[in-house]
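Trainee: return a 3D structure for these sequence lines:
(one chain, ligands or ions: 1)
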Amino acid sequence: MAKEKKVYTTGFGAPIDNDQNSKTAGNPGPILLQDTHLLEKIGHFDRERIPERVVHAKGAGAYGTFEVTADATRYTKAKFLSQIGRKTDVFVRFSTVGGEKGSADAERDPRGFAIKFYTEEGNYDMTGNNTPVFFIRDPLKFPDFIHTQKRHPGTNLKDANMFWDFLSLTPESIHQVTILFSDRGTPRTYRHMNGYSSHTFKWYNEQGEYFWVKYHFKTEQGIRNLTRDEATEMKGVDPDHATRDLHDAIERGEYPSWRLEMQIMTPEEADKYRFDPFDITKVWFHNDVKPFTIGRLVLNRNPKNYFAEVEQAAFSPANFIPGIAASPDKLLQGRLFSYHDTHLHRLGSNYHLLPVNRPKNTTVNYYQRDSNMMYGENSGDGPNYFPNSFGGPEPEEGTGEPPFEVSGKADRQPYTHPNDDFFQAGEMYRRVMTEKDREHLVSNITTHLRDAIKRIQLRQAAIFFKADPDYGTRVARDLKLDVKEVKRLAKMTQEDRAKATAK
Ligand code: NDP
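Mentor: Numbering: from 1, shown residues only. Got it, this is the predicted structure:
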């Protein structure tokens, strides 16, 4: 059957008679200012780009469902987790972190793994990564860290000196650096990687008891990575390979899935834990806190329009629902502010009304009004102040987080838990990696670190040495550094090492 003809219109719905020839005075021209179709078309084109995300600019997304497979009501009263078999609509966006919007999917970089759960109690966002830890643990360092992953202010080139100077002066980064330079730093596709909350969050139940939790979304496709050479080739052959893979797999009906495993600690267990449970540069060892499966995530529908649904998707770790709350993890506390703030800048103050962002399974009732791009009903003629006696929405007691104790001095305080920054990276190197993994790790590192100046190479090699002497020695040898000098630097305090390698 022939499709009904659609008339091409202006943005205001008026029919367009001709879209091939501008309206001119005579032939060939000049063009008349009264060609309002041309003016509207070019004017809109000039404004097509919105600011790209400062981080996580290159991404791909898909819709799906999350299904509960085990009872979690002992730990949380979140309704979407309240019953085995219960399904919740989700939208997931995967991304690289440092590259621009047109950069290659195969870059060595952590991958974003952000999930929006459209629950009946409002949207809940889990803005995770494919790594269980992060480079830094205080948000004050975040802008500096990201600057070092981007382009040099003078040359506009990626710069190995910036990259390694910062990391070697920030030894808490060693755990994440070790994961990043393993082959997991170049996942084969978005389907073949895990997603982690990385942060610790709080869950609380109907009785007001609370627990500290970590989320692990484990890929059911199996972990698969690109080697460095494969990633280098892929960047040239198909810079969009992971975006394409996700889209094509879903179109073929091969729906990617992940098992949600939780690690959960009581507050008493957390108090006694050998590592700081809120330090995002650390994991909770599986043997200490056994993960258990509570659900399954499946992606089964591609977006229809990339810009509307993926580019305009906006996630925030501050989007909590009853039963889930923040922990004192300082990096999380910084992100609670930063995500919403950056969306206000990137998309405008009504970004939550965009179809991909607005709650689908509950209604929004509030007293916020107006601002730019208010394209909904703006709450009609209802009261725009609270309290009121005209039937406006009212707070619901008991939906908030139970009160919790805080104490201590207000000050700029470092993490003081008695553990070091090197042990877990060392455990990864010694206990988790195979010899082949270690070979790849060392050569992935030295291929990159080779481009930094020698004093920075020495300082960073000492950090690897502190994680594990064999690790540091192999990096040093590969870079033809003096191993004795690296060992000497590794024995120094961080302050002395920084001084010794300042020039
Ligand atoms: P286990 O020894 O019980 O398991 C090792 C973990 O490491 C598995 O989860 C595995 O993921 C993951 N892994 C394997 N290779 C890599 C890699 N190249 N990059 C990142 N993760 C990798 O873990 P433990 O709890 O005893 O911790 C030991 C070390 O394992 C930690 O210091 C940490 O570096 C790493 N790790 C720990 C995690 C945790 O939450 N405890 C999570 C991820 C890593 P998979 O099973 O999916 O293959």
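Trainee: how near is Val177 to the ligand?
Mentor: As for Val177, its distance to the ligand is 11 Å (criterion: CB to the nearest ligand atom, to the nearest Å). Just so you know, the C-beta spots here come from the backbone N, C-alpha and C atoms, and that holds for glycine as well.
Trainee: do Glu401 as well
Mentor: 25 Å.
Trainee: and that residue, how many neighbours?
Mentor: 15 (other CB atoms under 10 Å).
Trainee: would you quantify the distance from the spatially closest residue to it that is not a sequence neighbour to Val68?
Mentor: Using CB to CB, 6 or more residues apart in numbering and skipping the chain neighbours, the partner closest in space to Glu401 is Ala325 (4.4 Å). Taking CB to CB, to the nearest Å as the criterion, Ala325 is separated from Val68 by 20 Å.
Trainee: wait, what's in contact with Asp240?
Mentor: By CB atoms under 8 Å, 6 or more residues apart in numbering, Asp240 lies in contact with Ala104, Asp105.
Trainee: for stretch 280-295, buried residues please.
Mentor: Judged by neighbour count (16 or more other CB atoms under 10 Å), stretch 280-295 contains these buried residues: Ile280, Thr281, Lys282, Val283, Trp284, Val289, Pro291, Ile294, Gly295.
Trainee: part of a helix, is the fourth one?
Mentor: Right, the one you point to is Val283. No - per DSSP: H, G, I helix; E, B strand; the rest coil, Val283 lies outside any helix segment and is coil.
Trainee: what score does it have for pLDDT?
Mentor: Val283 is assigned a predicted lDDT (pLDDT) of 98.
Trainee: residues near the residue lying closest to Gly64 once chain neighbours are set aside, how many?
Mentor: Leaving aside its sequence neighbours, Gly64 sits nearest to Leu299 (CB to CB, 6+ apart; 3.8 Å). By other CB under 10 Å, 24 other residues sit near Leu299.
Trainee: for Asn319, same thing?
Mentor: With other CB under 10 Å as criterion, Asn319 counts 22.
Trainee: for it, which non-adjacent residue is spatially closest?
Mentor: Asn319 sits nearest to Asp125 (CB to CB, 6+ apart), 4.2 Å away.
Trainee: just checking, Val133 touches Thr200?
Mentor: No - with contact defined as CB atoms under 8 Å, Val133 does not reach Thr200; the gap is 11.6 Å.
Trainee: returning to what we had before: what's the closest of the buried residues of stretch 280-295 to the ligand?
Mentor: Among the buried residues of stretch 280-295, Val283 lies closest to the ligand (CB to the nearest ligand atom), at 3.6 Å.
Trainee: setting aside sequence neighbours, what's the nearest residue to the closest one?
Mentor: Going by CB to CB, 6+ apart, Val283 has Pro132 as its nearest residue, at 4.9 Å.
Trainee: can you name the residues that contact the one you found?
Mentor: Ile179, Tyr196, Ser198, Lys214, His216, Val283.
Trainee: in strands, which of those residues fall?
Mentor: Cross-referencing the contacts of Pro132 against strands under DSSP state E gives Tyr196, Lys214, His216.
Trainee: and those residues near the ligand, which?
Mentor: Subset of those in contact with the ligand: empty, counting by CB under 6 Å from any ligand atom.
Trainee: turn the buried residues of stretch 280-295 into TSV, columns for distance to Ala490.
Mentor: Below are the buried residues of stretch 280-295 laid out as TSV (distance: CB to CB, whole Å):
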residue	distance to Ala490
Ile280	24
Thr281	19
Lys282	21
Val283	23
Trp284	27
Val289	31
Pro291	33
Ile294	42
Gly295	43
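Trainee: now for those residues: which two are most distant?
Mentor: Greatest spacing in the buried residues of stretch 280-295, by CB to CB: Thr281 and Gly295 (27.0 Å).
Trainee: circling back to that earlier point, between Ala325 and Val68, point out the one with more neighbours.
Mentor: Legend: neighbour count by other CB under 10 Å for Ala325 and Val68, higher for Val68 (20 against 17).
Trainee: quick one, what contacts that one?
Mentor: By CB under 8 Å, 6+ apart, the residues touching Val68 are Phe80, Leu81, Ser82, Gln83, Ile84, Gly85, Arg86, Lys87, Ile294, Gly295.
Trainee: any idea how far the ligand is from it?
Mentor: Relative to the ligand, and taking CB to the nearest ligand atom, Val68 is found at 22 Å.
Trainee: tell me the bridge partners for that residue.
Mentor: Gly295 (DSSP bridges).
Trainee: the ligand contacts on the stretch 301-450 of the chain?
Mentor: Gln424, Glu427, Met428, Arg431, Val432.
Trainee: ok, those residues vs Ile42, which is closest?
Mentor: Ile42 lies nearest to Met428 out of those, by CB to CB, at 54.4 Å.
Trainee: and for that closest one, the neighbour number?
Mentor: 22.
Trainee: quick check, pLDDT for it.
Mentor: 98.
Trainee: how about Lys77, what does it touch?
Mentor: Listed by CB under 8 Å, 6+ apart, the contact partners of Lys77 are Tyr204, Asn205, Glu206, Pro322, Gly323.
Trainee: how about the contacts made by the closest residue to Leu489 other than its chain neighbours?
Mentor: Residue nearest to Leu489 in three dimensions, not counting chain neighbours: Ala462, with 3.7 Å by CB to CB, 6+ apart. The contact partners of Ala462, by CB under 8 Å, 6+ apart, come to Ser168, Gly472, Val486, Lys487, Leu489, Ala490, Met492, Arg497.
Trainee: now, the most widely separated pair of those residues?
Mentor: The span of those, defined through CB to CB, is set by Ser168 and Lys487 at 15.7 Å.
Trainee: low pLDDT regions in the protein?
Mentor: Along the chain, segments meeting pLDDT under 70 span 1-2.
Trainee: all strands for it, in order.
Mentor: Applying DSSP E to the chain gives strands spanning 59-68, 87-96, 111-119, 122-129, 195-196, 201-204, 210-219, 257-265, 292-301, 324-325.
Trainee: next one: His37 from Asp451, what distance?
Mentor: Note on His37: its distance to Asp451, by CB to CB, is 52 Å.
Trainee: I figured Ile324 hits Phe201, correct?
Mentor: Yes - between Ile324 and Phe201 there is a contact under CB under 8 Å: 6.3 Å.
Trainee: how about residues contacting stretch 353-360?
Mentor: 89, 91, 116, 118, 122-123, 303, 308-310, 312-314, 347, 351-352, 364, 373-376.
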